[in-house]
Structures are given as structure tokens and as C-alpha cells.
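J.: After the sequence you'll find the predicted model.
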Amino acid sequence: RIEEEHRMAVTLHHNAMSTCSQKVRLALEEKGVVWTSAELNLIAREHKAPEYLKVNANGVVPTLQVDDQIITESSIINEYINDAFSGAALMPVNALERARARSWIKQVDDGVHSACGILTYATVMRAVMMSLPRDAVLADIAKTPDPHARAVRESLFEHGVDAAEFGGALDTLLDYMAAMNNALASTICLAGDGFSLADCCALPYVLRFEHMGLSRIWSDGRRPHLHRWLRDVQARPSFELAVDKWMPAQALGMFAMAGEQIAAKLN
Ligand SMILES: N[C@@H](CCC(=O)N[C@@H](CS)C(=O)NCC(=O)O)C(=O)O
């Protein structure tokens, strides 16, 4: 199997700051997979270029390409990585812990990811859009195919952190982190004592708060187990390879500015 793996050409189409890309890079590095980077600039809208839409019809990152096969959807990509490559198993063996891992992952797919998108759109993306001609921004938002998503984007562009959608999204993220803190009171990692795909999946969303300068939500003693877990996962070799080395200084500056707007909304 290992020899077979070495012959596979693995390419990840991704973006440095994107949460779902971080999640997949973590799984690749935890498994020790050798992969090639095809990075897309989301601000320049490279993910909407016709060439990219051929590999990912939804025009989102990440996409994993293995030889001539394409895999989309970050949670499915991570399961594939765990199944296809040797290296440490990233799903627990115990049935209950497997169910727990899947529950953490499903919550991200069902709401946490889009809540994080709302926070980012209302602050970082809005700051970029504010520097462009208003008509061009509105014309671009009008091209969003899904009517609900289009209305949300309009609202976030117009009202930023004061948009009606913002508070619920922030609560979704804070609730997830509160649940993580509770679980981590009795286990080392999210699904049990072993590091799993659940930890790869949750980390980017917690990290987004750190990048926004909002780490006081755990470092002030209110979520001590989450704080301990974050330090543990950041000490793993995969963190430097999958997350830290990709962080562009300019983007981090934008996230820190965004955090200042969000700080006012936190208790
Ligand atoms: N369900 C998809 C979500 C992918 C997604 O939302 N990717 C974001 C970055 S984290 C993206 O490409 N956003 C650009 C856009 O929607 O225009 C997955 O998990 O892969």
C-alpha cells in the first residue's frame, strides 16, 4: 500500500486562510502525505474561473486531485485521506468515539462553517468590498445564484456586524466552542483521547477567533479546557506545516482589524 501511495500524485486546490482548506491540510500533514499546492486567490476570484469550475462546480475551495480523480467537500476529502493513506488512523476505533467524531464534523457542515462565513463576510470581505465601487460590488452580489445567500450577502455588505444575521452566527460559533469546552473537560481530544478528524475539523474555527484577536473568550478562564486543547493541537508538528507556515502577514492584519469590530458584540 505504501509503495502504491508513493506513486499517487496528490494536488490540493486550496487557499491559505480558508477554514476548510486548513482542515484538509491538517489531515494531509497528520498522515504525512506528500502533496502539491495549487493555491487560489479568493479575493481575485480565481475560484470562479471557468478552469477551476471544471474541477469544483460549486466554485469553492478545497478540491483534492489524486492522479486524474477529483474529490470535493472538505469532510469527504478528509475521510478519503484517512482511508486512502497509511500513517496514524484519524478516526477512533471505538464505535461511540466514532459517532462523537462524526457529530463534531456534521455540526461544522450543518452550520458552524456558514456561521464563520458570515463573520468573515461581514468584516474582512466587507472591508475589501468597501474599497471597490459600490455599484460593482452590488452587481457582483446580484450574481449569487441562491436567493437566500444573495439576500444575506446584501445585508452583510450594507450593515456589517450590525446585520440581522450576524448575532445568530456569532452565537452558533460560541455555542460550538462551549460544547467543545465541555467535552474536553473529560477527554484529551474532541472525540476521545486520540487526535482525530474531529480535531482537524474544529481547529480552524477556533483559530479564526485567535486570528481575530479574540482569544480572550478562552484565555480569560471561561473555557479552560478549550484553551488547553488549543495549545496541545498547536504544539503538534502538523500545525506548523498545515496552518502557520501558510498564514500571510497581510491577511492576519485584516483579520485582527475585523476582530476589533466583533469584540464589541462579545460579552
Ligand atoms: N462545504 C464545502 C464548503 C467550501 C467553502 O465554503 N469554501 C470557502 C472557503 S472556506 C470558499 O471557497 N469560499 C469562496 C466563496 O464561497 O466564494 C466544503 O466543506 O468543502
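T.: Thanks, I have the structure now.
J.: tell me what the longest helix anywhere in the chain is packed against?
T.: Using DSSP state H, we find that the single longest helix of the chain is helix 164-183. For helix 164-183, the helices and strands in contact under the criterion 3 or more Cβ pairs under 8 Å, 6 or more residues apart in numbering; DSSP states H and E are helix 95-107, helix 113-120, helix 147-159, helix 197-211, helix 216-219, helix 224-234. In short, each C-beta sits where N, CA and C put it, glycine included.
J.: That one to helix 197-211, inter-axis angle?
T.: Relative orientation of helix 164-183 versus helix 197-211 (axes from the mean of the first three to the mean of the last three Cα atoms, to 10 degrees): 120 degrees.
J.: Wondering if helix 164-183 reaches the ligand at all.
T.: No: residues of helix 164-183 are not located near the ligand by Cβ under 6 Å from any ligand atom, the shortest gap being 14.0 Å.
J.: which residues touch Pro92?
T.: 98, 100-101, 191-192, 194, 196 (Cβ atoms under 8 Å, 6 or more residues apart in numbering).
J.: ok, and for the helix or strand where Ser75 lies, which residues are buried?
T.: Here Ser75, judged by DSSP states H and E, is contained in helix 74-84. Applying a neighbour-count criterion of 16 or more other Cβ atoms under 10 Å, one finds 74-75, 77-82, 84 buried in helix 74-84.
J.: next one: stretch 125-143
T.: 125-126, 129, 137, 141.
J.: do the same with stretch 105-123
T.: Neighbour-count burial for stretch 105-123 flags 105, 107-108, 111-123 (criterion: 16+ other Cβ under 10 Å).
J.: for stretch 67-74, same thing?
T.: Buried, per 16+ other Cβ under 10 Å, within stretch 67-74: 71-74.
J.: Now do the SS call for the closest residue to Ile77 other than its chain neighbours.
T.: Of all residues not flanking Ile77 in the chain, Leu64 sits nearest, at 4.6 Å (Cβ to Cβ, 6 or more residues apart in numbering). Assigned with DSSP: H, G, I helix; E, B strand; the rest coil, Leu64 falls in the strand class.
J.: beta partners of Leu64?
T.: Leu12, Ile71 (DSSP bridges).
J.: what sits against it?
T.: Leu64 makes contacts with 10-13, 24, 70-72, 77, 80-81, as judged by Cβ under 8 Å, 6+ apart.
J.: Can you name the residues that contact Val61?
T.: Taking Cβ under 8 Å, 6+ apart, we find Val61 in contact with 13-15, 18, 20-21, 40, 42, 47.
J.: Local confidence estimate at Pro145?
T.: We have a pLDDT of 87 for Pro145.
J.: on that earlier part again, tell me the one of the contacts of Pro92 nearest the ligand?
T.: Ala101 (16.0 Å; Cβ to the nearest ligand atom).
J.: correct me, but that closest one touches Phe195?
T.: No: using Cβ atoms under 8 Å, Ala101 is not in contact with Phe195; the gap is 10.5 Å.
J.: quick one, which of these two is more surrounded?
T.: Comparing Ala101 with Phe195 by other Cβ atoms under 10 Å, the one with more neighbours is Ala101, at 25 against 22.
J.: what pLDDT does that one get?
T.: Model confidence at Ala101 (pLDDT) stands at 98.
J.: OK, contacts around it?
T.: With Cβ under 8 Å, 6+ apart, Ala101 has these contacts: 91-92, 190-191, 196-198.
J.: Repeat the analysis, applying 10 Å as the threshold.
T.: Ala101 makes contact with 90-92, 94, 189-192, 194, 196-201, according to Cβ atoms under 10 Å, 6 or more residues apart in numbering.
J.: Pull out the buried residues from those residues.
T.: Looks like the contacts of Ala101 have 90-92, 189-192, 194, 196-201 buried, using 16+ other Cβ under 10 Å.
J.: Name the nearest of those relative to the ligand.
T.: Taking the buried ones among the contacts of Ala101 together and measuring to the ligand by Cβ to the nearest ligand atom, the closest member is Cys201, at 9.4 Å.
J.: who touches that closest one in this structure?
T.: 19-20, 22-24, 26-27, 74-75, 78, 101, 104-109, 112-113, 190.
J.: Rebuild the buried residues of helix 74-84 as TSV, extending it with distance to Ala235 and pLDDT.
T.: Converted to TSV, those look like this (distance: Cβ to Cβ, whole Å; pLDDT from 0 to 100):
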residue	distance to Ala235	pLDDT
Ser74	23	98
Ser75	25	98
Ile77	25	98
Asn78	21	98
Glu79	25	98
Tyr80	27	98
Ile81	22	98
Asn82	22	98
Ala84	27	96
